[in-house]
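got a sequence here, can you model it:
(2 chains)
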2 protein chains.
Amino acid sequence: MGASTKKGKKIAEKSRRIVKKLIKDKIEGLPPEEVEIIERIVHSTADPEYADITRMSQEFIPTTINALGDLKDILVDVEMVKAGISYDGDIKCYINHPTVIKMAKDKNMTRAAAAMEYAASKDFSGIVVVGNAPTALSKVIKLTEAGMDVKSIIGVPVGFVAAAESKKLLTKTNIPYLITSGPKGGTPVAVAATNALINLTKKWRGGIR
Amino acid sequence: MGASTKKGKKIAEKSRRIVKKLIKDKIEGLPPEEVEIIERIVHSTADPEYADITRMSQEFIPTTINALGDLKDILVDVEMVKAGISYDGDIKCYINHPTVIKMAKDKNMTRAAAAMEYAASKDFSGIVVVGNAPTALSKVIKLTEAGMDVKSIIGVPVGFVAAAESKKLLTKTNIPYLITSGPKGGTPVAVAATNALINLTKKWRGGIR
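Residues are numbered from 1 along each chain as shown, chains lettered A, B, ... in the order given. As a prediction, the model looks like this:
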């Protein structure tokens, strides 16, 4: 679970056992890959409620693993998400890009949403991870429906304003998705889900599965 | 709340009103500065439970604001915390430092704990923010008791193993602290608390208060 030392791995293993026990009833019958992702989210947040509210569309896991296996780019909404992901491919974050800052002011949109528009204008192709800003999620859904090459979306923005709505919107599209329903979510959830998928990709490609 | 565009600020204000309503009963009688910090944590996590579990020692706010006003260094456990804080002073994160990686292996400790030891060896002086690793918190408590110049600790590590214990340990010291009791916490909590305090510092120093 991100731990690299013996000591760190021991802690992670113990935590994993506790998590398994805590959410046992909630994950019954789910495919093992889905369970692995949910366990990592609960481990990262110490909040078992994520086992109830994390949902993935049927094509989400295979599509995302294919893209990650090809080292497709990952586009994230905020720097905190980028800082937490361990990936051999490129992670793009444009929220602090001067063009994006100007675009946001000129068009009266959030910087997180403007960053998605900027990515689309740069012919982004890959996975999108939104851990914070509902406005980024709503925007990237629209852009994808208009032709942006988004393979799948990890859409877990957090907050009492527009977050739940933006995630619900995503579930009504044809885009493969992972969401957390309701206001909860956030950067550790985004990071945990993404790192779990990167891990699953390595297992699949390495033939460990 | 970190928002910089008109649109972003509007969302943040609306969220702040919802948060206020949700936690009204839980924050009654608390000093306004404490309320501001708690509101920002609940805003960032969309989890009102943080109003129940966030605790600060009496000297925590004035001590921290004094240090931040002097632009003292902030030492964080993981890069995600660093990525989320907006500060004019220096933010130190040593978890990926080659010396720390070697030290962790040699001494069979976590990299997060080794990073605290490394900071102490470099004569760190300032605020410590632990958003992820309980081992970093336990270590920095010991180092502070042995003479490391730590003004205050925002100690909100997350997890089912050792996190609750490390935070409880902090409350039994003389170090000014902010904690979230129990297993919950995490990088957004750490970032929200720190940014709220930086904001309070600006208000105090700017004479807005």
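
quick one, what contacts the residue of chain A positioned farthest from its centre?
Going by CA atoms, centre = their mean, the residue of chain A most distant from its centre is residue A:106, 28.7 Å out. Listed by CB atoms under 8 Å, 6 or more residues apart in numbering or on different chains, residue A:106 has no contact partners. For every residue, glycine as well, the C-beta is placed using N, CA and C.

mean confidence for the host helix or strand of it?
Here residue A:106 sits within helix A:98-107, counting by DSSP states H and E. Average pLDDT, helix A:98-107: 97.

again with stretch A:54-63
Averaging pLDDT along stretch A:54-63 yields 97.

so how far is it off the chain centroid?
Counting by CA atoms, centre = their mean, to the nearest Å, stretch A:54-63 is centred 11 Å from the centre of its parent chain.

can I get the CA coordinates of that stretch in CSV?
C-alpha atoms of stretch A:54-63 as CSV (Å, rounded to 0.1, in the frame of the first residue of the first chain):
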residue,chain,number,x,y,z
THR,A,54,-17.7,3.4,-4.0
ARG,A,55,-19.2,2.3,-7.4
MET,A,56,-17.6,1.3,-10.6
SER,A,57,-19.1,0.7,-14.0
GLN,A,58,-18.7,-2.8,-15.5
GLU,A,59,-16.1,-1.8,-18.0
PHE,A,60,-14.2,0.4,-15.7
ILE,A,61,-11.5,-2.0,-14.4
PRO,A,62,-10.5,-3.7,-17.7
THR,A,63,-10.5,-0.4,-19.6
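
could you list the buried residues of it?
By neighbour count with 16 or more other CB atoms under 10 Å in any protein chain shown, stretch A:54-63 contains the buried residues A:54, A:56, A:57, A:60, A:61, A:63.

I'd like to know which elements the helix or strand the fifth one falls within is packed against.
It stands for residue A:61. Take DSSP H and E as the rule and residue A:61 turns out to sit in helix A:60-69. The contact analysis (3 or more CB pairs under 8 Å, 6 or more residues apart in numbering or on different chains; DSSP states H and E) places helix A:60-69 against helix A:32-45, strand A:125-130, strand A:149-155, strand A:177-180, helix A:187-205.

name the residues that touch the first one?
The set of residues external to helix A:32-45 that reach it, using CB under 8 Å, 6+ apart, is A:1, A:12, A:15-16, A:19-20, A:22-23, A:27, A:30, A:48, A:50-51, A:54, A:56, A:61, A:178, A:186, A:188-189, A:191-193, A:195-197, A:199-200, B:158-160, B:184, B:186.

swap in 7 Å and give it another go.
A:1, A:15-16, A:19-20, A:23, A:27, A:48, A:50-51, A:54, A:56, A:61, A:188-189, A:192-193, A:195-197, A:200, B:158, B:186 (CB atoms under 7 Å, 6 or more residues apart in numbering or on different chains).

likewise for the fourth one?
Strand A:177-180 is contacted by residues A:50, A:53-57, A:60, A:152-156, A:167, A:170-171, A:189, A:193 when judged by CB under 7 Å, 6+ apart.

repeat the analysis, applying 6 Å as the threshold.
A:53-57, A:60, A:153-156, A:167, A:170, A:193 (CB atoms under 6 Å, 6 or more residues apart in numbering or on different chains).

let's test this: mean pLDDT of the host helix or strand of residue A:80, rounded?
Following DSSP H and E, the helix or strand that holds residue A:80 is helix A:79-84. Helix A:79-84 shows a mean pLDDT of 97.

which strands and helices sit next to that helix?
If contacts are counted by 3 or more CB pairs under 6 Å, 6 or more residues apart in numbering or on different chains; DSSP states H and E, helix A:79-84 sits against helix A:187-205, helix B:79-84.

any chance of those in JSON lines, with mean neighbour count and distance to residue B:99 too?
Formatted as JSON lines, these follow (neighbours: other CB atoms under 10 Å in any protein chain shown; distance: least, CB to CB, whole Å):
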{"stretch": "helix A:187-205", "mean neighbour count": "23", "distance to residue B:99": "25"}
{"stretch": "helix B:79-84", "mean neighbour count": "24", "distance to residue B:99": "17"}
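
and the ones you listed: which comes nearest residue B:119?
helix B:79-84 (13.1 Å; CB to CB).

and the closest one, C-alpha only, in PDB?
Extracted C-alpha coordinates of helix B:79-84, given in PDB (Å, rounded to 0.1, in the frame of the first residue of the first chain):
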ATOM      1  CA  GLU B  79       4.500  15.200  -0.500                       C
ATOM      2  CA  MET B  80       0.700  15.300  -0.800                       C
ATOM      3  CA  VAL B  81       0.500  17.600   2.200                       C
ATOM      4  CA  LYS B  82       3.200  19.800   0.800                       C
ATOM      5  CA  ALA B  83       1.300  20.000  -2.500                       C
ATOM      6  CA  GLY B  84      -1.800  21.300  -0.800                       C
END
